[in-house]
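[1] Below: sequence and its predicted model.
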Amino acid sequence: MLPSSTRSIPDIARIPRHIAIIMDGNGRWAKQRFMPRIMGHQRGVESLRGTVRACRDLGVEYLTVFAFSSENWRRPVDEVSFLMSLFLKMLEREVANLHKNNIRLKIIGDRSRFDEKLQHTMRDAEQLTANNTGLTLTIAANYGGRWDVMHAVQALLHDHPELATSFFEEDLQPYLSMSDAPEPDLFIRTGGEKRISNFMLWQLAYTELYFTDTLWPAFDRKKLEHAIASYQNRERRFGRTSEQLLSGTVQAESGEPHA
Ligand code: IPE
Ligand code: IPE
Ligand code: MG
């Protein structure tokens, strides 16, 4: 099992192993251009493609993106159905390319609300790329951080009813959506809002947060590099003092994959 990043300190000078992004601002990007919101979503897919490529080139190991929240069902029906068909088209169109680039695709969230065809395409895409060893791209769809924790607790207690009165973080960890990945080092939210919007609540406990006014369709490699540079100037303490870190009494993580 992966240790919580709250226990060891990753080397800040390195490229973050795991970047999590809330891709926000598609609608406003379109509106500024007097275009319908859906055009913003379409351009957002281009930004995602560029970001995946940049992460792969930079040596990021995990990229997790918020594509559709459990709250986004509250949007107008037309926009929701456009997003669903865009998601399906994107999977159909991009999966071969992801596979060719050794990228492993994973989807997290409650899939039961998606139509059969989309669920099927998701499964196929994951299966095709399951053994790839390059970047792991995780798409959060009908995902919510609270759902993730609730779902994990339910699954844990289903498997281990004897833990109902007492269990530890380590018991729950394997049941969380991102159990096979280190916790995000860097969180990026585009679009100017400074909130988490129910994304990876558990996993972001000690993640460095970066907010930018850039709208998602305008987010490019340069902006990503800027976010990473900002991350590399932070001091991650995980509850310790600055002096402890400077005195070198705390062992930095080597960056080797966790056992
Ligand atoms: C993010 O962009 C994409 C999704 C939530 C699917 P928005 O659609 O939220 O764009 P804004 O925030 O309205 O500009
Ligand atoms: C968060 O964006 C979800 C995604 C980007 C998929 P929203 O635009 O839905 O977030 P709020 O509603 O402004 O918090
Ligand atoms: Mg938004």
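    Ah, there it is. Ligands and ions are numbered 1, 2, ... in the order given.
[2] and the stretch 151-259 of the chain, which of its residues are near ligand 1?
    Gly191 (Cβ under 6 Å from any ligand atom). All C-beta spots, glycine's among them, are computed from the backbone N, C-alpha and C.
[3] Would you mind listing what in the stretch 151-259 of the chain touches ligand 2?
    So far as Cβ under 6 Å from any ligand atom goes, the stretch 151-259 of the chain lies against ligand 2 at Glu193, Arg195, Ser197.
[4] Let's have those residues in a markdown table, adding neighbour count, distance to Glu61 and secondary structure.
    Shown next, in a markdown table, are those (neighbours: other Cβ atoms under 10 Å; distance: Cβ to Cβ, whole Å; DSSP: H, G, I helix; E, B strand; the rest coil):
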| residue | neighbour count | distance to Glu61 | secondary structure |
| --- | --- | --- | --- |
| Glu193 | 13 | 27 | coil |
| Arg195 | 10 | 26 | coil |
| Ser197 | 14 | 24 | coil |
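[5] and the residue of the chain nearest ligand 1?
    Gly27 (2.8 Å; Cβ to the nearest ligand atom).
[6] quick one, what contacts that residue?
    By Cβ atoms under 8 Å, 6 or more residues apart in numbering, the contact set of Gly27 is Arg37, Gly40, His41.
[7] Output the residues you listed in TSV, with distance to Glu235 appended to each entry.
    Output for those, formatted as TSV (distance: Cβ to Cβ, whole Å):
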residue	distance to Glu235
Arg37	40
Gly40	36
His41	37
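[8] quick one on the thing from earlier: relative to Phe114, which of the residues of the stretch 151-259 of the chain next to ligand 2 is nearest.
    Set against Phe114, the nearest of those by Cβ to Cβ is Ser197 (20.0 Å).
[9] Am I right that Gln25 is in contact with Thr214?
    Just so we're on the same page, residue 25 is Gly rather than Gln. Yes: with contact defined as Cβ atoms under 8 Å, Gly25 counts as touching Thr214 (7.4 Å).
[10] Show me the common contact partners of these two, please.
    Residues within reach of Gly25 and of Thr214 at once, by Cβ under 8 Å, 6+ apart, are Thr190, Gly191.
[11] of the two, who's got more company?
    Neighbour tally, Gly25 and Thr214, criterion other Cβ atoms under 10 Å: the higher count belongs to Gly25, 25 against 19.
[12] what's that one sitting at in phi/psi?
    Gly25 has phi and psi values of phi 110, psi 10 when expressed as degrees, to the nearest 10.
[13] and for stretch 112-119, what are the contacting residues?
    The contact list for stretch 112-119, computed with Cβ under 8 Å, 6+ apart, reads Trp73, Met84, Phe87, Leu88, Leu91, Arg111, Met122, Ala141, Asn142.
[14] Looking at the helix ranked longest in the chain now, give me its mean pLDDT.
    The longest helix of the chain (DSSP state H) is helix 77-100. Averaged over helix 77-100, pLDDT sits at 97.
[15] Give the other helices and strands that it contacts.
    Applying 3 or more Cβ pairs under 8 Å, 6 or more residues apart in numbering; DSSP states H and E, one finds that helix 77-100 contacts helix 37-58, strand 62-69, helix 116-129.
[16] Just the local confidence number for the residue most central in space within the chain, please.
    Of all residues in the chain, the one closest to the mean position by Cα atoms, centre = their mean is Thr64, 2.1 Å from it. As predicted, Thr64 sits at a pLDDT of 98.
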